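[1] Pasting a predicted model and its sequence here:
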Amino acid sequence: MSLSIYLHFNGNCREVFEYYRSVFGGDFESITTFGEGPPGMGITDDEIDQVMHVALPIGDSILMGSDMPEAFGPPPTQGSNFAITYSLSSRDEADDIFAKLSDGGQVTMPMDNMFWGSYFGSCIDQFGISWQLDVPVSDS
């Protein structure tokens with residue numbers, strides 16, 4: 001189990017992560033554009049080359065990020081454009097923690113199997129903090 005930070009941007013995620021890579025060194029663990037994702041996500045032609053997911057290892061942690069297309073909701077606001085990602089080892093544990101975190105808050109994406117190979121969900125807790133819970137399918 002681990003905690004990571006997931007940053008959200010309004011079209012400049014690649015620029016930001018290239019900067020962080022120049023600061024911390026290393027290589028991206030992964031970088032995927034919306035054009036490489038599944039169809040039907042509501043992505044416009046202007047957003048197709050934006051970053052759907054990037055992961056940069058920094059020490060023992062991973063900094064992750066993405067752009068937030070218009071179809072995904074309002075644009076991110078600098079200063080609150082992040083989520084805490086908690087990676088777990090079982091679906092049952094993820095479901096339990098997700099229920100507790102979302103109680104009194106807002107479910108933004110219910111826990112479900114995702115095309116990238118995880119059991120995943122996101123919510124905003126009662127204090128306004130965004131959470132993402134992730135269980136790699138091979139580990140569940």
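    Here it is on my side, so go on. Numbering: from 1, shown residues only.
[2] Going by C-alpha atoms from here, please, whenever you check contacts or count neighbours.
    Fine.
[3] low-scoring stretches of this protein, by residue?
    Applying pLDDT under 70 to the chain flags the ranges 139-140.
[4] Do a quick rundown of the strands in it.
    2-9, 30-33, 51-58, 61-67, 82-87, 106-113, 118-124, 130-136 (DSSP state E).
[5] got CSV for those, with mean neighbour count and distance to residue 95 too?
    Output for the strands of the chain, formatted as CSV (neighbours: other C-alpha atoms under 10 Å; distance: least, C-alpha to C-alpha, whole Å):
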stretch, mean neighbour count, distance to residue 95
strand 2-9, 18, 16
strand 30-33, 15, 27
strand 51-58, 20, 23
strand 61-67, 21, 22
strand 82-87, 19, 12
strand 106-113, 16, 7
strand 118-124, 22, 9
strand 130-136, 23, 9
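[6] So which of the ones you listed is nearest residue 21?
    Each of the strands of the chain has some distance to residue 21 by C-alpha to C-alpha; the shortest is strand 51-58, at 7.3 Å.
[7] Other residues contacting that closest one?
    Here strand 51-58 makes contact (C-alpha atoms under 8 Å, 6 or more residues apart in numbering) with 11, 13-14, 17, 21, 24, 26-34, 37, 62-68.
[8] hmm, 7 Å instead?
    13-14, 24, 27-34, 62-67 (C-alpha atoms under 7 Å, 6 or more residues apart in numbering).
[9] Now do residue 45 against residue 34, distance only.
    Here the distance between residue 45 and residue 34 works out to 10 Å (C-alpha to C-alpha, to the nearest Å).
[10] should've said residue 53
    As judged by C-alpha to C-alpha, residue 53 and residue 34 stand 8 Å apart.
[11] Equivalent analysis for residue 73, please.
    According to C-alpha to C-alpha, residue 73 and residue 34 sit 16 Å apart.
[12] which of those two has more neighbours?
    Between residue 73 and residue 34, residue 34 has the larger neighbour count (other C-alpha atoms under 10 Å), namely 21 against 8.
[13] What separation is there between that one and residue 79?
    24 Å.
[14] And residue 49, by the same measure?
    On the measure of C-alpha to C-alpha, residue 49 and residue 79 end up 24 Å apart.
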